[in-house]
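A.B. asks: let's see this in three dimensions:
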Amino acid sequence: MEPQKSLPEPRQPEGCLVAAIRLPVRIVVLVLVVPVRMVWDALVVAGRFLTDTVFRPAGRALLWIGRALFVWPFVGLWRYALVPLGRGLAWLGKVLVVVPLVWTYRWVLTPVGHALAWAGRWIWAGLAWVYARVLTPIGQGCMGVLRGIGAGLAALGIGLYTAVAWLVRYLLVVPALWVYQWVLTPVGHAFLWVVRGIGLALYWITRVLFVLPALALWRWVLVPVGRVLAVLGRETWDALGHAWRVAGRISSAVGRFLGTLFRWIFVEPVRWAYRTVLTPVGHVVRDAVLRPCAEAARGAGRIGRQALAAARESARQARADIRRMVFGEPRERAAVARREPLGAEARTLGRSTTALTKD
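C.D. replies: From the prediction side, this is the model:
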């Protein structure tokens with residue numbers, strides 16, 4: 001089953017005041033909002049362009065520089081300096097501190113502690129025997145003596161308490177009750193009656209002078225003015241939203257118009273000139289000037305390289321002729337016997353000598 005679609009709430013009937021306020025407010029707000037929306041859209045386009053062309057590349061460059069200057073040196077310092085140093089210090093601490101402490105605890109402090117515990121148990125047993133056999137009988141005797149003294153003092157205290165309580169009752173409590181019942185109670189009742197009358201009079205004076213005028217001002221002045229201001233504010237807010245949307249469409253239309261105008265005034269003429277004028281001229285210049293010049297330059301280069309090669313060969317032959325004329329023909333080198341065995345004299349699996357040791 002398809003979910004039931006919520007029905008739109010029925011619009012409340014609007015009065016003539018709302019209809020009279022809505023159209024002027026929307027016109028004024030639209031006139032004021034259209035320039036603001038166009039400026040806002042221009043700023044948004046400029047911001048996006050700057051973000052894509054300036055801020056994002058600059059941010060990436062700054063991020064790379066920050067990594068190169070701060071992150072990578074600290075990572076290298078941590079990885080290749082601090083971590084090995086920490087491991088070395090930990091090993092030294094373990095060898096120089098932990099191991100000696102563990103040995104001291106195991107082989108020195110533990111036996112000493114066991115000896116002290118054994119001595120403490122014997123001392124505690126001696127103290128317990130002294131407490132049970134000596135101190136307990138002495139304490140029981142002292143408690144008996146103190147108990148007798150306490151019983152005598154308690155009897156004396158009870159007598160004194162009874163006498164003091166009787167005196168306090170008949171000298172303080174009974175007169176105080178009489179004064180409260182026959183003096184303070186009538187005076188308090190009279191004071192409360194007077195205070196109640198004054199409070200009732202102040203209540204009616206405040207109600208007549210302040211509450212009723214304030215209530216009438218709220219009911220007959222502030223509430224109607226507030227309703228009018230609420231209608232005006234609601235219509236102004238709705239007009240702002242409507243004007244903002246309309247201004248967005250106007251701004252989009254103006255932007256498309258300006259883009260089309262820029263394209264037809266600048267882009268299309270430049271494209272037409274490039275396509276119909278510059279491209280044929282470039283082809284003509286390439287075919288008529290650049291290619292022949294390039295061919296001539298390559299031919300001149302080949303001729304120059306050939307001339308240089310012939311000149312180098314002539315100079316080499318001239319140097320050889322001069323050397324022969326001055327120093328004579330060079331001596332021929334004597335042939336040196338080869339030490340490598342020939343193919344027929346090489347060692348094989350069936351022979352025990354080599355070509356070097358054969359003769």
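A.B. asks: alpha carbons only for contacts and neighbour counts from here, please
C.D. replies: Noted.
A.B. asks: low-confidence stretches in the stretch 201-350 of the chain?
C.D. replies: 328-350 (pLDDT under 70).
A.B. asks: work out for me the element Met325 sits within.
C.D. replies: Using DSSP states H and E, Met325 maps to helix 291-327.
A.B. asks: figure out the helix or strand that the residue positioned nearest the centre of the chain lives in.
C.D. replies: Geometric centre of the chain, nearest residue: Leu63, 15.3 Å, by Cα atoms, centre = their mean. Assessed by DSSP H and E, Leu63 sits inside helix 56-66.
A.B. asks: now do the next helix or strand after that helix, average pLDDT.
C.D. replies: Remark: after helix 56-66, the chain's next helix or strand is helix 72-77, criterion DSSP H and E. Mean pLDDT, computed over helix 72-77, is 89.
A.B. asks: check which helices and strands helix 72-77 sits against.
C.D. replies: If contacts are counted by 3 or more Cα pairs under 8 Å, 6 or more residues apart in numbering; DSSP states H and E, helix 72-77 sits against no helix or strand.
A.B. asks: gap between it and the chain center?
C.D. replies: 22 Å (Cα atoms, centre = their mean, to the nearest Å).
A.B. asks: go on, stretch 196-208?
C.D. replies: Here stretch 196-208 is found 63 Å from its chain centre; the criterion is Cα atoms, centre = their mean.
A.B. asks: check stretch 312-328 too.
C.D. replies: Mean C-alpha position of stretch 312-328 versus that of the full chain (Cα atoms, centre = their mean) differs by 83 Å.
A.B. asks: for stretch 228-239, same thing?
C.D. replies: With Cα atoms, centre = their mean, you get 41 Å for stretch 228-239.
A.B. asks: CA atoms of it as PDB?
C.D. replies: Only the C-alpha atoms of stretch 228-239 are listed here, as PDB (Å, rounded to 0.1, in the frame of the first residue of the first chain):
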ATOM      1  CA  VAL A 228      -0.700  44.600  12.500                       C
ATOM      2  CA  LEU A 229       3.100  44.400  13.000                       C
ATOM      3  CA  ALA A 230       2.900  40.600  12.900                       C
ATOM      4  CA  VAL A 231       1.000  40.700   9.600                       C
ATOM      5  CA  LEU A 232       3.500  43.300   8.200                       C
ATOM      6  CA  GLY A 233       6.500  41.300   9.400                       C
ATOM      7  CA  ARG A 234       5.000  38.000   7.900                       C
ATOM      8  CA  GLU A 235       4.300  39.700   4.600                       C
ATOM      9  CA  THR A 236       7.700  41.300   4.600                       C
ATOM     10  CA  TRP A 237       9.400  38.000   5.200                       C
ATOM     11  CA  ASP A 238       7.300  36.300   2.500                       C
ATOM     12  CA  ALA A 239       8.000  39.200   0.200                       C
END
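A.B. asks: now do the buried residues in it.
C.D. replies: The neighbour-count check on stretch 228-239 (16 or more other Cα atoms under 10 Å) flags 231-232, 235-236, 239 as buried.
A.B. asks: okay if I get those residues as TSV plus secondary structure and distance to Ala315?
C.D. replies: Shown next, in TSV, are the buried residues of stretch 228-239 (DSSP: H, G, I helix; E, B strand; the rest coil; distance: Cα to Cα, whole Å):
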residue	secondary structure	distance to Ala315
Val231	helix	109
Leu232	helix	107
Glu235	helix	103
Thr236	helix	101
Ala239	helix	98
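A.B. asks: a markdown table for those residues, including distance to Trp124?
C.D. replies: Formatted as a markdown table, those follow (distance: Cα to Cα, whole Å):
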| residue | distance to Trp124 |
| --- | --- |
| Val231 | 94 |
| Leu232 | 95 |
| Glu235 | 95 |
| Thr236 | 94 |
| Ala239 | 96 |
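A.B. asks: now the helices for this structure?
C.D. replies: Using DSSP state H, the helices of the chain run over 16-50, 56-66, 72-77, 83-93, 99-104, 110-130, 136-168, 174-179, 185-206, 212-217, 223-262, 268-273, 279-285, 291-327.
A.B. asks: and the fourth one, how far from the chain's centre?
C.D. replies: Counting by Cα atoms, centre = their mean, helix 83-93 is centred 33 Å from the centre of its parent chain.
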